[in-house]
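Q: A structural model of the following input is requested.
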Amino acid sequence: SFGGYGFSEGHRIGALGMFGQAPSQLNPASTLAAPVSGTGQDSKTFGRVGFDGSMTALNGNVNIFGMYLYAWDSQDLFATQGIATAQTARWQGGFIEADYTVSGPHVVYYRYDWIRNVSQGDSTFDKHFGDVNAHTLAYRHHFISSKRLGVAFHVEFEMIVFGGIEILELSPIAVLGLKG
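A: Here you go, the predicted model:
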């Protein structure tokens, strides 16, 4: 961060990564009827890498931020599940959002989210199965905003395109948040 912490003032750039192994089979001590949590075996690799950023302008009234993520799961995670045509699954996605504080407690924002599949774990699936495009336009009124408590009314309109199907949604939400 520089010039502030990057949400209401200043700018922020960050990187992230997560690499690990996930079990692909139950431990013999477990059964499907009564699995023993945390006892999987035959672990296979997965990974996630990405970056995020945030910048503010107009005395903190405009905030633009977003994130990008690239991910993969080992083909072995799929092969151990009986998928004969297993391959490494790869996808990428992220979001970008712009918030504008109109005055005092009134905030409007636009957000674009996307997911793009590069390759499916099962090579018989269409490469673009599960791709997502989503647009969100929202308004939020903060009734109370302090270091310890936040109360707001939030309404948003979303248009989500998932697998060629368009979904439209209007969601009014009352938000109560304890900060700490």
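
Q: Now do the host helix or strand of residue 152: which elements does it pack against?
A: Assigned by DSSP states H and E, residue 152 belongs to strand 149-162. Judged by 3 or more Cβ pairs under 8 Å, 6 or more residues apart in numbering; DSSP states H and E, strand 149-162 is in contact with strand 132-145, strand 165-178. (Each C-beta comes from the backbone N, C-alpha and C, glycine too.)

Q: Point out the most buried one among these.
A: Across those, the average number of neighbours (mean count of other Cβ atoms under 10 Å) peaks for strand 132-145, which reaches a mean of 15.

Q: what packs against that one?
A: strand 106-119, strand 149-162.

Q: my guess is residue 85 meets residue 120, correct?
A: No: contact criterion Cβ atoms under 8 Å: residue 85 and residue 120 do not qualify, at 9.5 Å.

Q: who has more neighbours, those two?
A: Neighbour count, other Cβ atoms under 10 Å: between residue 85 and residue 120, residue 120 has more, with 22 against 13.

Q: Name all residues that make contact with the more buried one.
A: Contact partners of residue 120, counting by Cβ atoms under 8 Å, 6 or more residues apart in numbering, are 87, 89, 126, 127, 129, 130.

Q: what about the second one, distance to residue 23?
A: To tie it back to what came earlier, the one meant is residue 89. 17 Å (Cβ to Cβ, to the nearest Å).

Q: Next: the fourth one.
A: In this structure, residue 127 and residue 23 are separated by 27 Å, where distance is defined by Cβ to Cβ.

Q: So between the two, which is more surrounded?
A: Between residue 127 and residue 23, residue 23 has the larger neighbour count (other Cβ under 10 Å), namely 15 against 12.

Q: ok, that one touching residue 43?
A: Yes: Residue 23 lies in contact with residue 43 (Cβ under 8 Å); the separation is 5.2 Å.

Q: per-residue pLDDT, the closest residue to residue 42 other than its chain neighbours?
A: Nearest residue to residue 42 in three dimensions, chain neighbours excluded: residue 25, at 4.5 Å (Cβ to Cβ, 6 or more residues apart in numbering). pLDDT recorded at residue 25 is 70.

Q: surely residue 25 meets residue 81?
A: No: the pair residue 25 / residue 81 is not scored as a contact, 9.2 Å apart, by Cβ under 8 Å.

Q: who touches the residue nearest the centre of the chain in this structure?
A: Centre of the chain computed as the mean C-alpha position; nearest residue by Cα atoms, centre = their mean is residue 94, 6.7 Å away. Residue 94 sits next to 50, 66, 67, 68, 69, 113, 114 when contact means Cβ under 8 Å, 6+ apart.

Q: Residues in a beta bridge with the closest residue to it other than its chain neighbours, which ones?
A: Nearest non-adjacent residue to residue 94, counting by Cβ to Cβ, 6+ apart: residue 68, 4.0 Å away. In this entry, residue 68 is beta-bridged to residue 51, residue 94, by DSSP bridges.
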